[in-house]
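S.K.: any chance you can model this:
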Amino acid sequence: MDEKRPTPPSSTVKIRRTTSSNSGGGSGPIILGKYQLGHLLGRGSFAKVYHARRLDDGTNVAIKVMDKNTTVDATMERLIIREVSAMHRLNSHPNIIKLNEVMATKSKIYLVMELAPGGDLFSKLNRRGRFSYSTARYYFHQLVSALLFCHQKGVAHRDLKPQNLLVDGEGRLKVSDFGFSALHDEQLSNSLLQTACGTPAYAAPEIIYRREYEGSKADAFSCGVILFVFLTGKLPFDDSSYTRLHLAKHRREYQFPDWVQKPARSVINRLLDPNPSTRLSIEELTEMSWFKRSATKGEESNNQQQLFGQGILEKECEKSGRLMNAFDIISMSHGLDLSGLFGGRSKKKKLRFTTSVHVGSVEEKVMKIGKEEGYRVERTKGGGIGLVQGRVVLLVEIWEMAAKLWLVEIKVVDGGQEFDETQWKVMEVGLKDIVSSWYNDDGS
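M.R.: Okay, the predicted model is just below:
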């Protein structure tokens, strides 16, 4: 049977992983006297991941290496801080990849993480076509257990997909890649978010079409897509047009193959509800009879009684007797500025927001503000708007994200030292009546 298999869309920072064994973690250079790098596990636009060995006890780990001189800018800095902060909150769960420590030199940043030698579930799906019911339920139970813990700790993942679900040496699932996660204080874990992010085929429709959304409900929608992929080997929504893709989600335009059983269809249908207020939550999912059925994968048990019946005991890190590193510092302060790791924080360079106002009206508004502030208004060859005043040059670009939704970016392309926060504030005040939501640096 010729089935369309899921393809990995591009995203801000993604590492293509390859399956590795537990050997070979230490034949290259030594990092800060603690770890010896081994073979390359994967690479992306902004980082490389290596198999490595801890020198004092021989433990095999994975190390993500980022070059501060060539790849780390303000956007990357935000993603790294968010990923580290999220992983610290979640380090005690058995189905979430562990971050051991963060180290830095003048030129490099190193994230030392738990090694998952089994590769990712996307690769397994590509090899097998689809999972059996027992295998699908085995992995799905562990994914839901991890998400329950995430949401209780005030973390919404926001980029769930098989590429981000790894497998350890014992065949246990490990959720990874928290670069797009949103963090809140635990008592505010249900706070509404505004940023459009994630991978289109797996993202909930309200992330694009609604002004505010609940992170945990968005994760639940992604779980529905993942379960569909597990059982069928293809995506429920798959279109090269961003607009048609999200219209299909609103209209629930997907079809089950004949072999998908009714109980599983019911779970998926309720998770893929385009209305987040009536969508099945992760907590409600755990009470459904289909989910409660024992889940095993071959001869391996996922120990559901331990994960759900007894709960998860958190273990505090013992920090006495060793020097504090960057990871320890982050653990002491929520939202701490890590500018020291990155050689100093640069001044604000851009302003982004979404709007439902017609693009022509947006352009008129921007040009009016520019003229009022003494800028010369010019049209660029690419169709954008240039605002010029002395040495300061601003570029305004507008992209259509979906039907009646545009993303507007205003960025400094020259004279940044002369364009300060006061001038950004003038822009924000002048534009506030057409803004649907600001694209904040903290990802909210």
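
S.K.: quick one: Val377 from Val396, how far?
M.R.: 9 Å (CB to CB, to the nearest Å). Every residue, glycine included, has its C-beta placed from N, CA and C.

S.K.: cool, and Val388?
M.R.: Distance, Val388 to Val396, using CB to CB: 12 Å.

S.K.: those two: which is more packed in?
M.R.: Neighbour comparison, Val388 and Val396: the larger count goes to Val396, with 22 against 15 (by other CB atoms under 10 Å).

S.K.: and the more buried one, which helix or strand is it part of?
M.R.: strand 392-402 (DSSP states H and E).

S.K.: ok, the helix or strand just after that strand: who's next to it in the sheet?
M.R.: Beyond strand 392-402 on the C-terminal side, the first helix or strand identified by DSSP H and E is strand 405-414. Applying DSSP bridges to the sheet, strand 405-414 is found paired with strand 350-355 (antiparallel), strand 392-402 (antiparallel).

S.K.: quick check, pLDDT for Ile312.
M.R.: In the predicted model, Ile312 carries a pLDDT score of 29.

S.K.: i'd like the first residue to be 16 from this point on
M.R.: Renumbered: residue one is now 16, and that last one reads Ile327.

S.K.: first to last residue in stretch 181-190, what's the distance?
M.R.: Distance between the boundary residues of stretch 181-190 (CA to CA, to the nearest Å) amounts to 6 Å.

S.K.: avg pLDDT for it?
M.R.: Stretch 181-190 comes out at a mean pLDDT of 93.

S.K.: chain center to that stretch: distance?
M.R.: On the basis of CA atoms, centre = their mean, to the nearest Å, the separation between the geometric centre of stretch 181-190 and that of its chain is 19 Å.

S.K.: reformat the strands paired with strand 420-429 as JSON lines; add mean pLDDT.
M.R.: JSON lines is the format used below for the strands paired with strand 420-429 (pLDDT from 0 to 100):
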{"stretch": "strand 365-370", "mean pLDDT": "85"}
{"stretch": "strand 407-417", "mean pLDDT": "80"}
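
S.K.: to Val444, which of those lies closest?
M.R.: Smallest distance to Val444 across these (CB to CB): 11.7 Å, for strand 365-370.

S.K.: all strands of the stretch 116-265 of the chain, in order?
M.R.: For the stretch 116-265 of the chain, the strands defined by DSSP state E, counting those that start in this stretch cover 123-129, 170-171, 180-182, 188-190, 197-198, 207-208, 228-229.

S.K.: give me whichever of the ones you listed is most buried.
M.R.: Mean neighbour count (mean count of other CB atoms under 10 Å) peaks for strand 170-171 among the strands of the stretch 116-265 of the chain, with a mean of 28.

S.K.: what lines up beside that strand in the sheet?
M.R.: strand 197-198 (antiparallel).

S.K.: which residue lies nearest the spatial centre of the protein?
M.R.: Nearest to the geometric centre of the chain sits Phe195, at 2.8 Å (CA atoms, centre = their mean).

S.K.: what about that one, distance to Ile449?
M.R.: Distance of Phe195 to Ile449, given as CB to CB: 26 Å.

S.K.: return every residue with contacts to both of Val392 and Val411.
M.R.: Residues touching both Val392 and Val411 (CB atoms under 8 Å, 6 or more residues apart in numbering) are Ile400, Gly401, Leu402.

S.K.: tell me what the second one is bridged to.
M.R.: The reference is to Gly401. In this entry, Gly401 is beta-bridged to Glu393, Leu410, by DSSP bridges.

S.K.: pretty sure it sits against Gly385.
M.R.: No - Gly401 is beyond contact range of Gly385, at 9.2 Å (criterion: CB atoms under 8 Å).

S.K.: who touches both of these two?
M.R.: In contact with both Gly401 and Gly385: Val392, Leu409, using CB under 8 Å, 6+ apart.

S.K.: quick one: which of these two has more around it?
M.R.: For Gly401 versus Gly385, neighbours defined as other CB under 10 Å are more numerous around Gly385 (23 against 16).

S.K.: not counting sequence-adjacent ones, nearest residue to that one?
M.R.: In space, and not counting its chain neighbours, Gly385 is closest to Leu402: 4.3 Å by CB to CB, 6 or more residues apart in numbering.

S.K.: that neighbour: how many residues sit nearby?
M.R.: Using other CB under 10 Å, Leu402 has 23 other residues around it.

S.K.: and the pLDDT at it?
M.R.: 90.

S.K.: got it, and Lys396?
M.R.: Note on Lys396: pLDDT of 67.

S.K.: low-confidence regions, this structure specifically.
M.R.: Residue ranges of the chain with pLDDT under 70: 16-41, 59-60, 86-90, 199-213, 224-226, 309-363, 396-397, 415-418, 431-433, 454-459.

S.K.: all helices of it, in order?
M.R.: Counting by DSSP state H, the chain has these helices, from start to end: 89-104, 136-143, 148-167, 221-224, 230-247, 257-266, 277-286, 297-300, 304-307, 319, 341-347, 374-387, 436-446.

S.K.: the third one - contacts with which helices or strands?
M.R.: Looking back up the chat, that one is helix 148-167. strand 188-190, helix 230-247, helix 297-300, helix 304-307, strand 311-312 (3 or more CB pairs under 8 Å, 6 or more residues apart in numbering; DSSP states H and E).
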